[in-house]
Structures are given as structure tokens and as C-alpha cells.
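Chemist: Give me a model of this one.
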Amino acid sequence: MKAEKTSRTAQYMAFFRALETQRKDSLFSDPYAIHFVDSKLRLATRLYHYPIVAKYINNTINKKIPGALSSGIARTKYIDSLLENAISKGVKQVLILGAGFDTRAVRLDFLQTIPVIEIDHPNTSNFKAAIYKKRIGKIPQNVTFLQIDFNKQGLDQLALENNLDFTKPTAVIWEGVTNYLTEEAVKSTFSFISKFASGSHVIFTYVHKEILQNPDSFLGGKKLLKDLENIEEHWTFGFFPEELPGYLHQFHIELLEDLGANEYRERFLPKRSESGYEFYRTAAGIKK
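Modeler: Got it, this is the predicted structure:
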């Protein structure tokens, strides 16, 4: 996936969070998200509190990518809750791989005293830092941005150059990335994650492998993959859920939870039932 596409993908997720923040019954508040979207999406966000506009926007998104909006919102809250649980269990630092426009470091109160290290491509990282400086006045004290171009550098080298502390129990968030990688890159990243101390948590997303092999088996699957191809984004990797516990075991990681979109929607958005995007899964594990 090209670097500029990464920013584009991150922008859509920020847009979803910005829309949710406008709702009276919002699942969470993210006042920063609106600053990461373009002027057209900012206008849509500001008009979202009008019911007729909200209905139009929701219908448009759902027609284009069935279930993506509700999945994205519920998944955000789910990962927030998994992260809070990890902190309560003694995690001392947070590492966000492919951070995109993730704003957890500034919007979640329970992270205010926890070091948060965000790793991403320089294009995305620089843009994000500029937004924080403009909107907050500074980069928060607990946040460190580390830049990586995976074509030129590996995570191990980056960690060495920046004295990353592997002895601290760490929560690693790896959201929205694995489906764009090769099998080798996924394995290499889990190997890196496994170097952190016992009691470290990993929270990651993946797509059900069935959508790559048989897109018609999921609502909107075939159209979604075609649309991704048209913008030069390619999903290249997935897991079958039943193989995940054994896969993680080789890295001394025990699977704690693994939910599909229907399950985390039911948990966090029971009154907003919606079909689609069931193949997008979120899992959490702990380093033994």
C-alpha cells in the first residue's frame, strides 16, 4: 500500500470518529478527529447533527461499504476498552504500530500519565504532529512519534536506534494494518512484539481469510475488494479465526479475545443493528 493511501485510509476512520462525536448518544468523544479530515468531510461532519443530513450520510456510507461505519465505531470503543483493561493489569507503556490518525493518546484520560509511542510513515507522522501543534498548541508530553519507512528499515532497527524499552509491560495496538501486509511481514511483526516483557498485551485487527478466497461469502465483500483495487489498495493477508490461537502460540502469546464485527457491534452498539463488514475482526492477546 502506498504511503499516501495510508493517510487516506486513516482519514476515513477519523471521519467516522468525527461523525460519532456529533451524535447525542455518542459511544465516545473525539474532538480531535475532525482536524484530520479534508474540508469536504469537515463540512459533512458539522452538518451531521441535522437528522436529514445524518440519514443521507449514513445511507451513502452504508451503500458504498455496508457495515463499515458501525463496525469502525464499535471497534474503536472495543479497542479503547481492551486498552483500558491492559492498563489496569499493569501495562506501563503503549506502542501504536501504523498509528495513522489514532488519537487515543490525547482523548483517553487513562493514558494521560502513560508513555505512548506512535510509529508510522513520515508523511502521516509529520502531518499528525503539525495538527497537534496547531490544535493543542504542542505535542503532548507523554507522546513520542517514531518514523519508519518499511522499505528502508525494520522495527528491530528502529527500536535499537530509539532505545525502546522491552522490559516494560507494553500494550501494542496494531489496528487496520495486517490485511495490507505479506505473511512474512505479519510474522516478523509478531516476532518483534513477542520481545516485550511478560504481561504485555497486543490488540490487533485482521480480516477473515474467507473474504480473500471467496468475497461473495460476505455482504458487500466482492464490491469492497473491487473498490480497493480501483484505488490501488490491496488486501493481501487474513486469518481463519480457528487458526489464530495456534499461530500466536509460536510467539508465546495467549489469545484472550477474538470478535467479529457482529459481536463487537452487539456489545457496544446493540441499538444500532447493521449488517456488513462481519469479516473485520479484532483480537487481543497477552505475552506469557
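Chemist: Helices along the protein, start to end?
Modeler: 3-22, 39-47, 51-64, 68-88, 104-107, 122-135, 155-161, 183-193, 209-213, 221-230, 244-249, 261-268 (DSSP state H).
Chemist: Just give me the lowest mean pLDDT stretch among these.
Modeler: For those, the stretch scoring lowest in mean pLDDT is helix 3-22; its value is a mean of 82.
Chemist: Mind giving me the packing neighbours of that one?
Modeler: Counting by 3 or more CB pairs under 8 Å, 6 or more residues apart in numbering; DSSP states H and E, the packing neighbours recorded for helix 3-22 are helix 39-47, helix 51-64, helix 68-88, helix 122-135. Backbone N, C-alpha and C define where each C-beta goes, glycine included.
Chemist: now it, how far from the centre of its chain.
Modeler: On the basis of CA atoms, centre = their mean, to the nearest Å, helix 3-22 is displaced by 10 Å from the centre of the chain it belongs to.
Chemist: Quick check: the residue with the largest distance to the centre of the chain vs residue 19, distance?
Modeler: Going by CA atoms, centre = their mean, the residue of the chain most distant from its centre is residue 52, 29.4 Å out. Noted for residue 52: a distance of 15 Å to residue 19, by CB to CB, to the nearest Å.
Chemist: One more: residue 161?
Modeler: Distance of residue 161 to residue 19, computed by CB to CB: 38 Å.
Chemist: These two: which has the busier surroundings?
Modeler: Neighbours were counted for residue 161 and for residue 19 using other CB atoms under 10 Å; residue 19 has more, 26 against 10.
Chemist: Tell me, how many residues neighbour the residue nearest to the more buried one when sequence neighbours are not counted?
Modeler: Leaving out its chain neighbours, the residue that sits closest to residue 19 by CB to CB, 6 or more residues apart in numbering is residue 48, at 5.3 Å. Counted by other CB under 10 Å, the residues lying close to residue 48 total 19.
Chemist: picking that back up, now do the contacts for the residue farthest from the centre of the chain.
Modeler: With CB atoms under 8 Å, 6 or more residues apart in numbering as the criterion, no residue contacts residue 52.
Chemist: on that earlier part again, pick the most buried one from the helices and strands packed on helix 3-22.
Modeler: Burial of the helices and strands packed on helix 3-22 is given as mean neighbour count (mean count of other CB atoms under 10 Å); helix 68-88 ranks first at a mean of 21.
Chemist: Helix 51-64 and that helix, what's the angle between them?
Modeler: 90 degrees (axes from the mean of the first three to the mean of the last three CA atoms, to 10 degrees).
Chemist: report the angle between the axes of helix 68-88 and helix 3-22?
Modeler: Between helix 68-88 and helix 3-22, the angle comes out at 90 degrees (the same axes, to 10 degrees).
Chemist: Please tell me how far the residue farthest from the centre of the chain sits from residue 59.
Modeler: With distances taken as CB to CB, residue 52 is found 11 Å from residue 59.
Chemist: Ok, residue 129 next?
Modeler: 36 Å.
Chemist: Same question for residue 17.
Modeler: 19 Å.
Chemist: need the contact list for residue 273.
Modeler: Applying CB under 8 Å, 6+ apart, the residues near residue 273 are residue 265.
Chemist: My error: substitute residue 260 in the last question.
Modeler: Per CB under 8 Å, 6+ apart, neighbours of residue 260: 208, 241, 278-281.
Chemist: Let's see that with 10 Å instead.
Modeler: Taking CB atoms under 10 Å, 6 or more residues apart in numbering as the contact definition, residue 260 lies against 71, 208, 241, 266, 277-282.
Chemist: Just the buried residues of those.
Modeler: The neighbour count (16 or more other CB atoms under 10 Å) marks 71, 208, 241, 277-282 as buried among the contacts of residue 260.
Chemist: Just the residues you listed: which are in strands?
Modeler: 280-282 (DSSP state E).
Chemist: Include distance to residue 215 when you put the residues you listed into a markdown table, please.
Modeler: A markdown table is the format used below for those (distance: CB to CB, whole Å):
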| residue | distance to residue 215 |
| --- | --- |
| 280 | 13 |
| 281 | 16 |
| 282 | 21 |
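Chemist: now, among these, which is nearest to residue 199?
Modeler: residue 282 (20.4 Å; CB to CB).
Chemist: for that closest one, which residues make a bridge with it?
Modeler: Listed beta-bridge partners, residue 282: residue 205, residue 259 (assigned using DSSP bridges).
Chemist: could we number from 394 for the rest of this?
Modeler: Yes, from this point I'll number from 394; that puts the last item at residue 675.
Chemist: I'm done for today, thanks for sticking with me.
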